[in-house]
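Student: model the following, please.
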Amino acid sequence: QVQLVESGGGLVQPGESLRLSCALSGSTLDYYAVGWFRQAPGKEREGVSCISGHDGSTTYADSVKGRFTISRDLASSTVYLQMNSLKPEDTAVYYCATDFTLFCVMASLSASNYRGQGTQVTVSS
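Tutor: The predicted structure follows:
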């Protein structure tokens, strides 16, 4: 059974950092794209970042470019989201998803049933 489990969320002050993890069990990440999404109360789901299963290339939403970095460890089938210079507007539930395809198609990833339960990130002073 395929499962994705996120961890690493928490409460931080503006300007601080967090690293989220997305661990995949029941399969491997070797050839699959994984995306990070977030959803804040009353707001639409937003695609944050994605790492391609094809060549490990990455994409970012404009709102997080230069602050967030996505990476993966194929040996442990884990994808990370390093979040620096956090802002209050980054507050949301973050979750990861895969659709078991090679490329980052955010619409497909967002609609996939293969996603974790989410981890809460709160940025507040």
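Student: all contacts plus neighbour counts: C-alpha atoms, from now on.
Tutor: Noted.
Student: which strand or helix spans the residue nearest to the spatial centre of the chain?
Tutor: Nearest to the geometric centre of the chain sits Trp36, at 2.4 Å (Cα atoms, centre = their mean). Here Trp36 sits within strand 34-39, counting by DSSP states H and E.
Student: separation between the closest residue to the residue nearest to the centre of the chain other than its chain neighbours and Ser124?
Tutor: Leaving out its chain neighbours, the residue that sits closest to Trp36 by Cα to Cα, 6 or more residues apart in numbering is Cys96, at 4.4 Å. Noted for Cys96: a distance of 23 Å to Ser124, by Cα to Cα, to the nearest Å.
Student: if you count surrounding residues, which of these two has more?
Tutor: Between Cys96 and Ser124, counted using other Cα atoms under 10 Å, Cys96 has the larger neighbour count: 32 against 15.
Student: now do the helix or strand containing the more buried one and strand 34-39, the angle between them.
Tutor: In this assignment (DSSP H and E), Cys96 forms part of strand 92-98. Going by axes from the mean of the first three to the mean of the last three Cα atoms, to 10 degrees, strand 92-98 is angled at 150 degrees with respect to strand 34-39.
Student: brilliant, that's me finished.
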